[in-house]
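K.L.:
Sequence plus predicted model, see below.
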Amino acid sequence: MSASSKPVAQTWFGPITAVQRRAMFALVPVAVAFGLVVGLAFLPLTSAFGGLAKVGSETVLELPDELVLPPAPESSTLYASDGKTVIATFGDQYRVQLEYDQIPESVVNALVATEDSNFFEHNGVDPEGVMRALVTNVANGGTSEGASTITMQYVRQVLSYTATTPGEVAAASEVTIDRKVKEMGYALALEEEMTKQEILTNYLNTVYFGNGAYGIGAAAQVYYGKVPADLTVAESAMLVGLIQSPSNYDPINGSSEAAQVRRDHVINRMVDVGFLEGAAGDEAKAEGLNLNPQQANNTSGGAIDSDYGFFVDYFEQWWNQQEDFGESEEIRKARLYRGGYQITSTLDADLQDAAQEAVERQKETGSEFALGSVVVEPGTGGIQVMAVNRNYSNDTSDNGDNTSNPEYKGSYPNTTNPLLSGNSAVPGYQAGSSFKMFTMLAALEEGLPLDTTIYSPYQYTSKYIVGDGEAACGNRWCPKNASRSENGNYNMWTGFGESVNTYFVQLAERIGVEKAINMAERLGIKFRSQEDLNLVTNNPDSFGPFVLGVTQSTPMDMAAAYATLPADGEYCEPIPAESAITLEGETIPFESECDQAVSVEVARAAVDAARCPTEYGAAAGQCTWGTAPQVGNAVDGPVAGKTGTTDGNSTNWFVGFTPNAAAAAFVADPDSPQNVVGKDNLGKPANAVAEILAAQWDMNGEGEFTPPTELVH
């Protein structure tokens with residue numbers, strides 16, 4: 001018999017060519033691995049393969065738990081404290097979850113015909129496709145054919161979605177024989193755990209269709225503006241055709257011609273497999289694409305375009321610091337954006353709106369000077385308000401510097417940290433006399449009563465050493481009072497009410513100013529700048545200026561610190577969320593870390609003195625006059641607080657509280673913090689807080705200040 005007349009070797013899918021025969025010999029190193037999996041693929045669908053097959057040291061048929069009905073990534077929703085008002089959503093994927101009976105038959109048929117025509121016959125791996133791809137790929141020296149069934153594609157999707165690092169994402173889709181073997185093993189095991197309908201449903205709910213649409217529900221909306229049940233055969237075919245390459249066949253931003261060619265290929269496959277009659281296929285191909293593009297409802301970057309952007313920005317940063325949500329910030333953020341949490345925040349939407357209006361009545365949005373306010377709930381640390389006269393923006397091209405940007409519109413990127421809660425770049429603003437509270441608390445804790453009387457001259461030469469400057473007498477710090485008329489005997493009620501500098505400097509000398517610094521730290525004040533750290537950690541003889549608030553702070557820190565007083569001395573770390581509900585319905589409560597920072601009697605005594613600046617009137621002593629009477633006049637209930645003005649009027653503050661809310665506000669130039677705000681702006685923080693606390697009391701104010709029974713005389 002001549003060579004030309006020799007029988008041609010046959011396989012079940014056709015004759016083997018000489019090139020393919022040589023390629024098969026090259027498969028020996030991987031034949032065991034593929035042979036094992038493909039051999040199992042020949043088993044009937046009802047067979048149990050029992051033992052675990054191994055390739056090297058890795059189990060290929062041991063199914064990871066997350067591959068069995070994993071939750072598809074879903075956006076998380078952030079609500080106001082009422083649990084109803086949506087203030088932001090977090091997500092990087094737009095999807096609409098569907099049940100199997102909500103997916104039209106035309107979509108299922110198009111998918112099976114195009115991607116895996118033997119889907120309903122095989123048990124996860126199609127042996128014919130595997131062998132054909134194996135021989136072709138080795139013969140070509142590459143991986144031109146994948147032979148992936150729908151089940152295998154679903155496995156790959158889940159491995160990508162559950163990956164937590166870029167390396168794991170890459171490994172889930174790398175083109176290697178080892179990965180393919182493992183993928184086939186998982187597919188075989190998966191079909192022992194899930195029905196064909198479940199696999200199709202999960203696959204069609206998670207696969208990417210382009211233009212921000214994940215899943216057939218989202219794709220029907222994005223491309224046609226309709227629900228899947230209303231899709232025609234041609235529309236179903238067009239969408240399924242996108243799966244292979246959403247970018248190459250994109251009919252909206254790419255080539256509509258390529259999309260139509262791909263759609264017609266899908267329709268032809270539906271005819272070839274028997275899902276469509278030839279005439280019905282021709283009719284479907286005669287249709288135009290008939291697109292009705294809609295914007296994908298993506299929610300990436302929850303704070304973008306949000307009326308509550310500053311609060312939302314703060315919340316996201318807080319979430320990313322919660323170790324309970326993952327070992328790294330990357331994992332925590334992924335869970336927020338894909339975990340489908342229903343989160344109830346601490347934000348009081350009505351009070352936030354009132355606060356924003358109050359702030360903008362004092363300084364309009366886009367002003368050269370920033371006016372911002374934060375409200376914290378005593379006893380819980382819940383952040384109820386974050387309002388500032390700026391538009392939230394993620395556009396870092398506008399940093400809010402109106403001197404260098406003539407088109408300044410009052411936006412400020414990532415404003416929460418610099419303006420309201422502080423960071424390393426912008427640690428805050430000098431808080432002025434509002435820091436006198438910490439000296440008073442420390443003195444009360446040392447046993448000095450409220451009626452401690454000290455003669456306080458207009459100017460006082462202290463024991464503290466400072467460098468040359470306006471407040472230096474030789475090498476000694478010698479601060480002045482605001483007016484020459486402020487001299488004489490003062491106690492804590494009158495000294496705090498009139499904000500007498502020389503009284504508090506002498507009070508600090510009696511107890512040691514380091515105790516005032518320690519008190520501030522216990523109440524959550526953070527020293528973020530190196531200058532402030534040097535002031536409070538160097539020679540105690542240089543600590544003096546701390547008493548009058550030359551260190552920098554933020555409304556967040558100050559509101560939380562003052563909230564300690566109506567909470568009977570309990571300091572609570574500010575927190576932006578109350579609880580979260582998982583996709584499984586589990587409720588996760590969030591609670592602030594609270595400590596008894598000062599005793600109940602110390603707190604009550606300090607509250608009594610703090611009633612004087614607002615002219616609400618003390619309960620256990622006598623006030624003279626106060627620096628912020630507008631606050632007492634505005635609030636129809638008990639109110640206390642303290643003004644704060646710095647040397648040179650570079651910033652101005654007011655921090656006030658009712659029995660169940662503490663509000664801090666400041667005005668300053670955020671781009672040049674040393675710029676003088678001017679006398680016209682000095683009362684505006686107090687005016688804003690007056691309106692905010694008045695609104696708060698009208699909405700849900702309750703309680704009274706408990707008068708002190710100790711530390712009075």
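P.N.:
Looks like it arrived, so ask away.

K.L.:
Domain map for this protein?
P.N.:
1-72+103-206, 76-93+301-344, 210-296, 429-700 (automatic domain parsing).

K.L.:
Pick out the shakiest of the ones you listed, pLDDT-wise.
P.N.:
Across the domains of the chain, the stretch with the lowest average pLDDT is domain 1-72+103-206; it has a mean of 64.

K.L.:
Just name the most buried of the domains of the chain.
P.N.:
Per residue and on average, the most neighbours among the domains of the chain fall to domain 429-700, with a mean of 21 (mean count of other Cβ atoms under 10 Å). Any C-beta I mention is one placed from the backbone N, CA and C, and that applies to glycine too.

K.L.:
hmm, back to that, looking at the domains of the chain, which is nearest to V376?
P.N.:
Closest approach to V376 among the domains of the chain is made by domain 429-700 (4.3 Å; Cβ to Cβ).

K.L.:
Go through the domains of the chain and name the closest to S373.
P.N.:
Proximity to S373, assessed across these by Cβ to Cβ, is greatest for domain 429-700 (3.9 Å).

K.L.:
what about the closest one, distance to the chain center?
P.N.:
Domain 429-700 has its C-alpha centroid displaced from the chain centroid by 31 Å (Cα atoms, centre = their mean, to the nearest Å).

K.L.:
Compute the first-to-last residue distance for it.
P.N.:
Start to finish, the residues bounding domain 429-700 are 31 Å apart (Cα to Cα, to the nearest Å).

K.L.:
Export the domains of the chain as TSV, with columns for distance to T365.
P.N.:
As requested, the domains of the chain are arranged in TSV below (distance: least, Cβ to Cβ, whole Å):
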stretch	distance to T365
domain 1-72+103-206	39
domain 76-93+301-344	12
domain 210-296	27
domain 429-700	13
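
K.L.:
ok, which stretches of the stretch 551-700 of the chain are helices?
P.N.:
For the stretch 551-700 of the chain, the helices defined by DSSP state H, counting those that start in this stretch occupy 555-563, 600-610, 629-634, 684-700.

K.L.:
The longest one relative to helix 555-563, how many degrees between them?
P.N.:
Interaxial angle of helix 684-700 relative to helix 555-563 (axes from the mean of the first three to the mean of the last three Cα atoms, to 10 degrees): 60 degrees.

K.L.:
With respect to G381, which of the domains of the chain lies nearest?
P.N.:
In this view, these are compared for proximity to G381 by Cβ to Cβ, and domain 429-700 is the closest at 3.2 Å.

K.L.:
circling back: pipe the helices of the stretch 551-700 of the chain into JSON lines and attach distance to E586 per row.
P.N.:
Written out in JSON lines, the entries for the helices of the stretch 551-700 of the chain read as follows (distance: least, Cβ to Cβ, whole Å):
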{"stretch": "helix 555-563", "distance to E586": "29"}
{"stretch": "helix 600-610", "distance to E586": "37"}
{"stretch": "helix 629-634", "distance to E586": "43"}
{"stretch": "helix 684-700", "distance to E586": "29"}
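
K.L.:
Looking at those, which is nearest to D126?
P.N.:
Comparing these against D126 with Cβ to Cβ, the closest turns out to be helix 555-563 (59.5 Å).

K.L.:
Name the surrounding residues that touch the closest one.
P.N.:
Contacts of helix 555-563 with the rest of the structure, by Cβ atoms under 8 Å, 6 or more residues apart in numbering, involve 372-379, 381, 383, 386, 420-422, 428, 431, 434, 437-438, 520, 523-526, 571-574, 641-642, 653, 655-657, 661-666.

K.L.:
CA-only coordinates of that helix, as PDB, when you get a sec.
P.N.:
Listed next in PDB are the C-alpha coordinates belonging to helix 555-563 (Å, rounded to 0.1, in the frame of the first residue of the first chain):
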ATOM      1  CA  PRO A 555     -14.900  72.400  63.300                       C
ATOM      2  CA  MET A 556     -15.100  68.600  63.600                       C
ATOM      3  CA  ASP A 557     -12.600  68.500  66.500                       C
ATOM      4  CA  MET A 558     -14.100  71.500  68.200                       C
ATOM      5  CA  ALA A 559     -17.800  70.300  67.900                       C
ATOM      6  CA  ALA A 560     -16.900  66.900  69.300                       C
ATOM      7  CA  ALA A 561     -14.900  68.400  72.100                       C
ATOM      8  CA  TYR A 562     -17.700  70.800  73.200                       C
ATOM      9  CA  ALA A 563     -20.300  68.000  72.800                       C
END
